[in-house]
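> Could you look at this predicted model? Sequence included:
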Amino acid sequence: MALIKAIKKLEPRFGKNCFLAENATIIGDVVMGDNCSVWYNTVVRGDVHYIKIGHNVNIQDGVVIHCTYKKAPVNIGNNVSIAHNAIVHGCTIHDNVLVGMGAIIMDGAIIESNSIVAAGALIGKGVHVESGSIYAGVPAKKLKSIDQQLLEGEVHRIAKSYSMYASWHDDSIVPLEKLD
C-alpha cells in the first residue's frame, strides 16, 4: 500500500479509480482527480503548499512533485503524462501535456495545453511554454510547433495507455502454474 500521510491536518484526497503503487508516497495537501496513476518510487509532497492534479494524469516511476513554501504551488491539468524521473516543482501544467523522462520544470513555469517538454529538458523558473509547442534542451527552448499527428500519437496515446497499464497492477496474484 502506498504511503499516504497527513501534514498539519491536511490529508491527500483522491478521485475514483486511482492506482497508487505500493511504494509511492503522497503527503499533505494533495488533491487528485479520477483515473490517475502514481507509479513506483514516486513522491508527491504537498507539505509546504498545495498540489492539485486533474483527471487522467499518470505520474510515472521516480517522479518528484513538490512546491515552494508559501510561494509556488503545483497545478496539473487533465490528460497529463509525467514520465520517469521528472521533477515538477512549483509550476502549472495545463491539459494534454507530455513531460518527458528526466525533465525538470521549475517554480513559476507555465506549460500551456497541447505541449511536450522533451526528455531531459530544463524549464527554468518562470518560463512560459506556449500552447502547441515542443520545448527541449538545457535550458529549454522552443524546438518546433506540435502537429496533430504528434499530439494524438504521443500525448493522447500515452495518457490513455497508462489507465490500461494501471489495471495490470492490481493486488491479484496469478499462481505460477496458471501462467502456461
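Structure's in. What do you need?

> And the contacts of the helix or strand of the chain with the lowest mean pLDDT?
Least confident element among the helices and strands of the chain, by mean pLDDT, DSSP states H and E: helix 148-150 (a mean of 87). With contacts defined as Cβ atoms under 8 Å, 6 or more residues apart in numbering, helix 148-150 is touched by 116, 134. The way it works is simple: take the backbone N, C-alpha and C, and place the C-beta from them, glycine included.

> In that helix, which residues are buried?
Neighbour counts over helix 148-150 (16 or more other Cβ atoms under 10 Å) mark L150 as buried.

> ok, then the element right after it?
Using DSSP states H and E, the helix or strand that follows helix 148-150 in sequence is helix 157-167.

> Please spell out which residues along that next one are buried.
For helix 157-167, using 16+ other Cβ under 10 Å, the buried residues are 158-159, 162, 166.

> Which secondary structure elements does it sit against?
Applying 3 or more Cβ pairs under 8 Å, 6 or more residues apart in numbering; DSSP states H and E, we find helix 157-167 packed against strand 37-38, strand 58-59, strand 81-82.

> Take those strands and lay them out in JSON lines including distance to V74, mean pLDDT and mean neighbour count.
Formatted as JSON lines, these follow (distance: least, Cβ to Cβ, whole Å; pLDDT from 0 to 100; neighbours: other Cβ atoms under 10 Å):
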{"stretch": "strand 37-38", "distance to V74": "14", "mean pLDDT": "96", "mean neighbour count": "26"}
{"stretch": "strand 58-59", "distance to V74": "11", "mean pLDDT": "98", "mean neighbour count": "28"}
{"stretch": "strand 81-82", "distance to V74": "11", "mean pLDDT": "98", "mean neighbour count": "28"}
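
> and of those strands, who's closest to N75?
strand 81-82 (13.1 Å; Cβ to Cβ).

> Quickly run through the sheet partners of that closest one, with directions.
strand 58-59 (parallel), strand 97-99 (parallel) (DSSP bridges).

> could I get the ones you listed as JSON lines with distance to E112?
JSON lines is the format used below for the strands paired with strand 81-82 (distance: least, Cβ to Cβ, whole Å):
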{"stretch": "strand 58-59", "distance to E112": "19"}
{"stretch": "strand 97-99", "distance to E112": "8"}
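
> so where's the chain shaky on pLDDT?
Low-confidence segments of the chain, defined by pLDDT under 70: 170-180.

> Any chance you could list what contacts the longest strand along the chain?
Ranked by number of residues, the top strand in the chain under DSSP state E is strand 43-53. Residues from elsewhere that reach strand 43-53 (Cβ under 8 Å, 6+ apart): 7-8, 10, 12, 24-33, 36, 38, 59, 63-76, 90.
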